[in-house]
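Colleague: Model the following, please.
(chains A and B)
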2 protein chains.
Amino acid sequence: MALNTRTNDRFTGTLPRTDAETASEAIPDDATLCVSGFGSVGYPKAVPLALAASGRDLELTIVSAGSAGDEIDTELVEADAIERRYSFVSRNAIRTAINEGDVAFSDRNVSSVGDEVQYGRLADPDVAVVEAVAVGEDWFVPSTSIGQTAAFVEAADRLIVEVNHAQPLELRDLHDVYRLGKPPEREPIPLTDPDERIGSPRIEFDPDKLEAVVESDRRDTPYSFRDPTAADRTIASNFVDFLREEVERSPVFDERITLQFGVGSLGNALMGELTELSSSDRDLVYYGEVVQDGLLDMLDDDLLSSASATSLALSEEGQQQLFDGIERYAEDMVLRPGDVSNSPALVDRFGVIAVNSAVEIDLYGNVNSTHVKGSRLINGIGGSGDFNRNAVLSICALPSTLSDGDISRIVPKTFHVDHTEHDVDIFVTEHGVADIRGCSPLERAELIIEQCADPSYRDDLREYLEAAAESSGHVPIDPKRAADW
Amino acid sequence: MALNTRTNDRFTGTLPRTDAETASEAIPDDATLCVSGFGSVGYPKAVPLALAASGRDLELTIVSAGSAGDEIDTELVEADAIERRYSFVSRNAIRTAINEGDVAFSDRNVSSVGDEVQYGRLADPDVAVVEAVAVGEDWFVPSTSIGQTAAFVEAADRLIVEVNHAQPLELRDLHDVYRLGKPPEREPIPLTDPDERIGSPRIEFDPDKLEAVVESDRRDTPYSFRDPTAADRTIASNFVDFLREEVERSPVFDERITLQFGVGSLGNALMGELTELSSSDRDLVYYGEVVQDGLLDMLDDDLLSSASATSLALSEEGQQQLFDGIERYAEDMVLRPGDVSNSPALVDRFGVIAVNSAVEIDLYGNVNSTHVKGSRLINGIGGSGDFNRNAVLSICALPSTLSDGDISRIVPKTFHVDHTEHDVDIFVTEHGVADIRGCSPLERAELIIEQCADPSYRDDLREYLEAAAESSGHVPIDPKRAADW
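Modeller: Predicted structure coming up:
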């Protein structure tokens, strides 16, 4: 675990240290920047702010594996500096710019963004700009997230490292950086247990790439989670009732239940209910992409054996709780690169139960998790596709309506599909559970209406389905009626 | 490779040999049968025919990993014996029954059908009925396909083995049966090269399950491929032009190009063009799910280093060519279980280039590969999802129109999505190549119209796109106009 190279210095060796303004001048106006950051934490802050304040006429392409914070996705947007942005966002300014067509965006799966940059054609990065808690001449230690930073650094021509004094050096205890090889010589990831460590706390780089090392002192913007609603709590209770039966039924869960949860307030509520399951003899394990507050409490209470992720999506209190006890948490918590945390092979190997939410679902079992009315981007697909597709059991949990019941989230046909009928097994709302495994399209539609839709929308949905079934084949669909919904 | 247990006998040990009629009587009227077979070959024939002729009032659920032939999907359908059918079909009778709502069908990814039966809830099999070229007290050797037969046999309560004298015993030389473990103890598949062997020619089973061994003497119905059309040849030529540049660009292809092709006449035409690429210094390797005629010729001509698949989808001549030279072909050809041939982990590890076709594609990059007008099933998704999602490069190749140009296969919005915008990188038609990597939805739509649509449909598609872009956000969509298309 590279303990022999451990040091309490944030800077080791001869480094090209400078200030953020000077470093930012090395970035061409139309550069493609790959930035660290995932779950709006662990992203560079000083260099983006310097770029935003530069008054330059910038046309940047900015690539991150997950969401970044305001220094990138608000300040640079307001400076009109971003022309393209991949592959996930969560701030209003960038979302608006994308939806208004001012910024070109492509929505990618977390697991493959690194490969798409290194071996595909998503972007050809000029500079990688990363946040670190410590740096040497050919390595740095990431801060609160790992994401696809290692792949980005390998792909970029040059590297700027921001050492953030507001991030504790002890974050290194959480990191396990394992690098995938290049296909076709890529080896299987040698991870046999979700809490195993197979890498190092450091990301290594070609020292010739190191353009600048700068300092910053800005904390990540913490998450704020709303309290669970009554609907959230009923969804959580339906979910656990279903899971209790399922873990008895399938031999995959004889000894261990390995779960992934999508980030958000509903995710936190679902986690809260899991205490119900942990009374059993089985170990509970988290193998997902973000660590949320709920997981810290479960680790504290020994309800969870271990947690593996690529990012720390914590509230202010959660952040403090973690920072105050990093050494203790590091015994059972690991942060990994996104191509390991979200690896299709590992999600399959560990028999993960994936639990994610959606904007809306349709009667055919398709899930829209990204675009309102099929058109206006919210955040992006993130890791939901990696987990939904490869999990042994894929669960989509969502409230049946939004806007106080004025809009049904269960629609005849969603016009933006992120997860197809082949990807999701179970739908859970506050009204019940639709287990669509082995169902024909018509059976699926009936189950989703009767088990998941809000009762006030069921008649309309039934009417749609009956009309569609009269005039069509295997899949009972009526595009015109669906478009009129 | 179990050579010490090699025998030229088709029957070894004490076996419950009987005739198909008697064996079929052990199958309950409402049984769930898991059958061998993939690509319409290697499926059981005598027992299904006996069931079809029995006059019994059957309500069977029949599960196969790929398509079966007429003995199952015509004869049993005409006997009104099938109530449910998973997970892929290719015969008119069963297709019609599914589209008319007489048979319930669920369309699944090849890689996961085995797990869905063993660990999920797709079906709870009573009896596995398999075709073999040889059988012992606790093993059999599959015939012309492997599919998910091993998983089915493990999951079923009982087993009926059909030894088919029309299938050469030497087929055993092609088989490499490796079994995945149960999650969460599942190990990485230890395959480091596409032509490596890691298993045995036999599928093993619990001898207590063996209900009956019967004989048959019916050949698989061979494939008939049409000659490539002019459009097929232009598509193939566009495809190879694109690929020639791409393999120079990405370091993944420095030494080897590993390809998968969907089955069909277009697939054969595309393969034919590959001779263009093999003049280079790079090895060409096939890692897919079916061996088609074209691959045999390429192996003969040393244009292809090796071929790995789960089934032999050959014409009558191709079948003869293979049977006449099995020993020679076995040096460079391997048949594997479907969860190995289509493994997401291996498709990623080997840097596979996936090439599949579609019923239609839309301006957003979504692919419908299964349902005409989003409703009438053709065959099923098969392995296209496994390859499209996990390949380092995913290519969808299709003619831009059908019915002599009366119908555009490029539509504003497809109402059945099998592969989302996250899955496919490149579209190829006879008009050109749209490389949509890194493109925003609007850019994707423009590229697909200008590069791939038939010129006679471009104005209409442009008009749709302009109207949609006016009234919407990130994804320029107009559901009502799309439904009117």
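
Colleague: Check which residues of stretch A:449-459 are buried.
Modeller: A:449, A:451-454, A:457-458 (16 or more other Cβ atoms under 10 Å in any protein chain shown). The way it works is simple: take the backbone N, C-alpha and C, and place the C-beta from them, glycine included.

Colleague: Return the distance of that stretch from the chain's centre.
Modeller: Once both centres are worked out by Cα atoms, centre = their mean, to the nearest Å, stretch A:449-459 turns out to sit 30 Å from its chain's centre.

Colleague: That stretch: end-to-end distance?
Modeller: Distances were taken as Cα to Cα, to the nearest Å; on that basis the terminal residues of stretch A:449-459 are 9 Å apart.

Colleague: Check stretch A:251-262 too.
Modeller: End-to-end distance for stretch A:251-262, by Cα to Cα: 25 Å.

Colleague: Show me what counts as buried in it.
Modeller: Buried positions in stretch A:251-262, judged by neighbour count with 16+ other Cβ under 10 Å: A:252-253, A:256-262.

Colleague: Tell me where the stretch 201-350 of chain A is predicted with low confidence.
Modeller: With pLDDT under 70 as the threshold, the stretch 201-350 of chain A has low-confidence stretches at A:278-280.

Colleague: Assign a three-state SS to the residue of it found nearest chain B, would you?
Modeller: Among residues of the stretch 201-350 of chain A, the one nearest chain B by Cβ to the nearest Cβ turns out to be A:Ala345. It sits 3.4 Å away. Per DSSP: H, G, I helix; E, B strand; the rest coil, the secondary structure class of A:Ala345 is helix.

Colleague: Excluding sequence neighbours, find me the nearest residue to it.
Modeller: Distance criterion Cβ to Cβ, 6 or more residues apart in numbering or on different chains; nearest residue to A:Ala345, sequence neighbours excluded, is B:Ala345 at 3.4 Å.

Colleague: tell me the contacts of A:Gly66?
Modeller: When contacts are counted by Cβ atoms under 8 Å, 6 or more residues apart in numbering or on different chains, A:Gly66 touches A:37-40, A:88, A:110, A:145, A:147, A:289, A:310-311, A:338, A:382.

Colleague: List, one by one, the residues from the stretch 251-400 of chain A near chain B.
Modeller: Applying Cβ under 8 Å from any Cβ of the partner chain, we find that the stretch 251-400 of chain A lies next to chain B at A:251-252, A:255-256, A:258, A:343-345, A:348-351, A:364, A:366, A:371-377, A:381, A:385, A:389-390, A:392-393.

Colleague: Filter those residues down to the buried ones.
Modeller: A residue is treated as buried here by neighbour count (16+ other Cβ under 10 Å); on that basis the buried members of these are A:252, A:256, A:258, A:343-345, A:348-351, A:364, A:366, A:371-377, A:381, A:385, A:389-390, A:392-393.

Colleague: How about the contacts made by the residue of the stretch 201-350 of chain A closest to chain B?
Modeller: Applying Cβ under 8 Å, 6+ apart, we find A:Ala345 in contact with A:188-189, A:390, B:188, B:344-345, B:348.

Colleague: again with A:Glu59
Modeller: Residues near A:Glu59 by Cβ under 8 Å, 6+ apart: A:29-30, A:81, A:83.

Colleague: try A:Ser111
Modeller: Counting by Cβ under 8 Å, 6+ apart, A:Ser111 makes contact with A:338-339, A:342-344, A:383, A:386.

Colleague: Quick one: mean pLDDT for the helix or strand hosting it?
Modeller: Assigned by DSSP states H and E, A:Ser111 belongs to helix A:110-118. On average, the pLDDT along helix A:110-118 is 98.

Colleague: List the buried residues of that helix.
Modeller: By 16+ other Cβ under 10 Å, the buried positions in helix A:110-118 come out as A:110-118.
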